[in-house]
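J.: requesting a structural model of the entry that follows:
(one chain, ligands or ions: 2)
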Amino acid sequence: MVTSFFEYPEPLQYIENRYIPKKLDGGDYVVTIDDGAWALLSKSEYNLLKTHRVSEDPELFKKLENLGIILTKSNPGKIVDDYSARFAHVFNGTSLHIVALTPRCTQRCLYCYVNPQPLSSKGFDMDEDTAKKVVDFIFQSPASTITIEFQGGEPLLNFPILQYIVEYSKKLNKKYKKHLAHTVVTNLTVMSEDILNYLIKSRVAICTSLDGPKEVHDKNRRYLGGGGTHDDVVHWIKDIRTQFAYNVHALPVITRFSLPYAKEIVDEYMGLGLDRIRIKHIIYCGLARENWDKIGYTPDEYINFWKEVLDYCFRLNKNGKKLLEGTSVLIARKLLSRDYEAFTCLGWPCGAALSQTSYNYNGDIRICDESRSFEEFKIGSVKSDDYRSVYTSPKALNAVALTCGLNSLCDACVWHPYCNNCLVSSFGQQGNPISKLPLDYDCKIRKGLVDHVFKTLVYSEENRKILLEWCSTKFGV
Ligand code: SF4
Ligand code: SF4
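T.: Ligands and ions are numbered 1, 2, ... in the order given. As a prediction, this is how the structure comes out:
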């Protein structure tokens, strides 16, 4: 008589874990399980798994037992540990706190994911009282690591509040003793030596957008009154790195205008001495949604572009140059380790309302930064809610449930342990956060990305070496 889950009758020897198979072009199969383990199987091995005859091949039995793809009397403890490691980030509390200091901006980029306000607009800057409440709210998070990221509009237009938050959070942290970091995401157009000196002195990391050479960047990123911003951004990237010996990270957002310039965009980064490039696609929100006819592309067009960038980066590395492509690293790390860094937008669940949250200038709390242009994703306010009530609210819990990879969109997808659907993108594209699979733009892009990184790791010896070297590089991407 079987009296508990792990008591198998001898001839059975094992039961299958929940696995998802996918047939690869060459005839092999990949099977993945929820904790991220996967195995590449020949057709005959896959048939043994499928027909419950793994015991006929002792080597395969051992391999699948080790991976937790089959459950035996020996491996339940290991499987529990593997699942705990994989989902550790779910229980850590919110660590990335994005504070939008103002929606005012010097620019009006074609793909801006918020709705930027003109410079002269009044009543859109975060005030000190709200900033204090934001920081007090942030420190209610149980996370041991807290990153406060300043966003806009252009956050440096409200520099006194940036300073206030840096100083007040450092002061509070004397009591809480968390790993506290600050980052500003700036278009660099209102940077000055005074501001820069403060950022350097306070160890605020600097990130910016550089969409490539002038002919690409200036199409996407223009001043409000007209005129491209490329020269000013490049001037400050060079200055910060050389005159001030401080690091600045940049990333290019890809629009239709970028598609013919894969090589030139990478060369621009190389030319500035940057050692990484993380290609970013646009999603259906903010101005990108309004301008889709002008700047949008199909998922296939984007994936082909990204592959071109990646191939070029591999070629450069083979020739002794050092430049890594960040999206491939993020995905490869997830495919190769259970202890992957939770990174919002490519996590399972994604970070929305879980490891990431966003605070608008007026204290409204949103599930993630990209969701700021949709009122529907508001989950509370620092003025009226505390951490516990926000994160146990039906809205926050629904957001997590919808990005957990086990919804109707993702539960049968082989890549769900390394991915998730983007409810902000689905909402922007289809008017519903619960996506209709065949239509989902972001899913097609994500599928293309994970598929290609997987194939690179499995089938391309030379590129795998480079990718593994990138993965071991000690920095986030
Ligand atoms: S909802 Fe979309 S944009 Fe927001 S964190 Fe998740 S994947 Fe990223
Ligand atoms: S978003 Fe698409 S590719 Fe990603 S897990 Fe869901 S179904 Fe799979």
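J.: so which elements touch the host helix or strand of Asn197?
T.: Using DSSP states H and E, Asn197 sits in helix 193-201. On a contact count with 3 or more C-beta pairs under 8 Å, 6 or more residues apart in numbering; DSSP states H and E, helix 193-201 meets no helix or strand. C-beta here means a position set from N, CA and C on the backbone, and glycine is covered the same way.
J.: okay, the angle between the helix or strand just after that helix and helix 193-201?
T.: As assigned by DSSP H and E, the chain's next helix or strand after helix 193-201 is strand 204-209. Relative orientation of strand 204-209 and helix 193-201, computed by axes from the mean of the first three to the mean of the last three C-alpha atoms, to 10 degrees: 120 degrees.
J.: phi and psi next, for Ala39.
T.: phi -140, psi 140 (degrees, to the nearest 10).
J.: isn't it right up against Lys63?
T.: Yes. Shown here, Ala39 and Lys63 form a contact pair, counting by C-beta atoms under 8 Å, at 6.5 Å.
J.: ok, the two, which is more surrounded?
T.: Legend: neighbour count by other C-beta atoms under 10 Å for Ala39 and Lys63, higher for Ala39 (20 against 16).
J.: contacts only, for that one.
T.: Listed by C-beta atoms under 8 Å, 6 or more residues apart in numbering, the contact set of Ala39 reads Val30, Val31, Lys63, Leu64, Leu67, Ile69.
J.: and the fourth one, what element?
T.: In this structure, Leu64 sits in helix 58-67 according to DSSP H and E.
J.: just the first one next, same as before
T.: Under the assignment given by DSSP H and E, the secondary-structure element containing Val30 is strand 29-33.
J.: end to end, how far does stretch 435-446 reach?
T.: Length of stretch 435-446, first residue to last, C-alpha to C-alpha, to the nearest Å: 14 Å.
J.: ugh, wrong one, I meant stretch 67-87
T.: 16 Å.
J.: same check, this time on stretch 335-353
T.: By C-alpha to C-alpha, one end of stretch 335-353 lies 24 Å from the other end.
J.: roughly how far apart are Tyr113 and ligand 2?
T.: 19 Å (C-beta to the nearest ligand atom, to the nearest Å).
J.: can you check Leu24 too?
T.: 16 Å.
J.: residue of the stretch 101-250 of the chain with the smallest distance to ligand 1?
T.: Tyr113 (8.5 Å; C-beta to the nearest ligand atom).
J.: give me every residue that touches that residue.
T.: Tyr113 makes contacts with Ile283, Cys285, Gly286, Leu287, Ala288, Asp369, Glu370, Arg372, Ser373, as judged by C-beta under 8 Å, 6+ apart.
J.: in stretch 297-305, which residues are buried?
T.: Neighbour-count burial for stretch 297-305, counted by 16 or more other C-beta atoms under 10 Å, picks out Tyr297, Pro299, Tyr302, Ile303, Phe305.
J.: these two touch, right, the first one and Leu259?
T.: Yes. Tyr297 sits in contact with Leu259 when judged by C-beta under 8 Å, with a separation of 6.4 Å.
J.: who touches both of the two?
T.: Phe305.
J.: for Asp311, state which of the contacts of Ala39 is nearest.
T.: Minimum distance to Asp311 across the contacts of Ala39 is 22.2 Å, recorded for Val30 (C-beta to C-beta).
J.: so what sits opposite the closest one in the bridge?
T.: On the basis of DSSP bridges, Val30 is bridged to Lys22, Leu40.
J.: near ligand 2, which residues of the chain?
T.: Proximity of the chain to ligand 2, by C-beta under 6 Å from any ligand atom, involves residues Gly405, Leu409, Cys410, Cys413, Trp415, His416, Cys419, Asn420, Asn421, Cys443, Arg446, Lys447.
J.: separation between Tyr223 and Cys112?
T.: Per C-beta to C-beta, to the nearest Å, Tyr223 is found 13 Å from Cys112.
J.: low-confidence stretches in the stretch 301-450 of the chain?
T.: Low-confidence segments of the stretch 301-450 of the chain, defined by pLDDT under 70: 339-343, 405-408.
J.: what residues does it put near ligand 1?
T.: 344-345, 350-352, 356, 368, 370-371, 403, 422-425.
J.: which pair of those spans the longest distance?
T.: Gln356 and Ser425 (15.3 Å).
J.: by neighbour count, which of the contacts of Ala39 wins?
T.: Neighbour-wise, the contacts of Ala39 (other C-beta under 10 Å) top out at Leu64, 28 neighbours.
J.: next, the contact list for that one, please.
T.: Applying C-beta under 8 Å, 6+ apart to Leu64 gives the contacts Ala39, Leu49, Val54, Ile70.
J.: from ligand 1, how far off is it?
T.: From Leu64 to ligand 1 the distance is 31 Å (C-beta to the nearest ligand atom).
J.: would you map the strands across the stretch 251-400 of the chain?
T.: Taking DSSP state E, counting those that start in this stretch as the test, the strands found in the stretch 251-400 of the chain are 253-254, 276-277, 280-281, 324-325, 356-359, 364-366, 378-381.
J.: where's Lys133, which helix or strand?
T.: Going by DSSP H and E, Lys133 is in helix 128-138.
J.: skip ahead from that helix and say which helix or strand is next.
T.: Counting by DSSP H and E, the next helix or strand C-terminal to helix 128-138 is strand 145-151.
J.: mind giving me the packing neighbours of the helix or strand following that next one?
T.: Once strand 145-151 ends, the next helix or strand along the chain (criterion: DSSP H and E) is helix 159-176. Helices and strands touching helix 159-176, by 3+ C-beta pairs under 8 Å, 6+ apart, are helix 128-138, strand 145-151, strand 179-185.
J.: how is the chain partitioned into domains?
T.: Using automatic domain parsing, the domain parsing of the chain gives 16-86, 92-359.
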